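[1] okay, structure incoming, though there's no sequence with it:
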């Protein structure tokens, strides 16, 4: 299984986008649509298709798959799997959603609370620049890092950190769905939920907003968040 960025080259282009950001955006819109108060018959096909996506993701995870934090490639897989677990009443599927024991999804690997170890870790220069460090006044702040789980020294406290909006814009819809369905405890990664509250505030403030185009919060997600979060 190709679960890093090279996987995009084997995606069936007639059935899905190649890039994870686009996949996560589309899945997020569909998952949010299931929350609407419309007749179940109108949502039946969408529901079945999204549950099947979740079953497929679970199958890959059970065989050792992991969607490691990797820029904009691997977000958006966890919530469909959770949907499948709930729809089928399958505790084995839901067990794979527990971030405490299964840190295998990009959304969880990228989000954390700033601890002293993050402040003390020297930043690793990349091709663009040296990431901005974390400071004492950031202790406890919910934060995002491009590969924080694997390479914490690459995490960048600057809101302009590379891929922050690429990853964040599509993921926030999945986080909203999890909140609407009351799945925070099953998901078991509070830093994710707290970070995306912070993300929404920053990306809807004209003075701090950086995302645009596909790296902006989808208008549908924006309206749903303001109405129901």
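    Alright, I've got the coordinates. Predicted model only: the values in this text are computed from it and were never measured.
[2] how about the contacts made by residue 200?
    Neighbour list for residue 200: 172, 217, 225, 229 [criterion: C-beta atoms under 8 Å, 6 or more residues apart in numbering]. C-betas here are computed from N, CA, C, even on glycine.
[3] neighbour-wise, which one of these leads?
    residue 172 (24 neighbours; other C-beta atoms under 10 Å).
[4] SS state for that residue?
    helix (DSSP: H, G, I helix; E, B strand; the rest coil).
[5] okay, now the unreliable bits of the chain?
    1-9, 11, 13, 18 (pLDDT under 70).
[6] tell me the two of the contacts of residue 200 that are most distant?
    Greatest spacing in the contacts of residue 200, by C-beta to C-beta: 217 and 229 (11.9 Å).
[7] coming back round to it: give me the subset of the contacts of residue 200 lying in helices.
    172, 225 (DSSP state H).
[8] in a markdown table: the contacts of residue 200, plus distance to residue 181.
    Below are the contacts of residue 200 laid out as a markdown table (distance: C-beta to C-beta, whole Å):
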| residue | distance to residue 181 |
| --- | --- |
| 172 | 15 |
| 217 | 20 |
| 225 | 15 |
| 229 | 13 |
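[9] between the contacts of residue 200, which sits nearest residue 108?
    For those, the nearest to residue 108 is residue 172 (14.6 Å; C-beta to C-beta).
[10] look up how far residue 107 lies from that closest one.
    10 Å (C-beta to C-beta, to the nearest Å).
[11] element containing residue 143, please.
    strand 142-144 (DSSP states H and E).
[12] that older thread, ok, the contacts of residue 200 vs residue 81, which is closest?
    Among these, and counting by C-beta to C-beta, the member closest to residue 81 is residue 172, at 18.1 Å.
[13] show me what contacts that closest one?
    28, 196, 199-200, 217, 221, 225.
[14] switch to 7 Å and redo it
    196, 199-200, 217, 221 (C-beta atoms under 7 Å, 6 or more residues apart in numbering).
[15] and stretch 187-206, how far out from the chain's middle?
    Here the centre of stretch 187-206 is set off from its chain's centre by 11 Å, with C-alpha atoms, centre = their mean, to the nearest Å.
[16] how about it: buried residues?
    Neighbour-count burial for stretch 187-206, counted by 16 or more other C-beta atoms under 10 Å, picks out 187, 189, 191-196, 199-200, 202-203.
[17] kindly report the same for stretch 55-64.
    Result for stretch 55-64 [16+ other C-beta under 10 Å]: buried residues 55, 57-58, 60-61.
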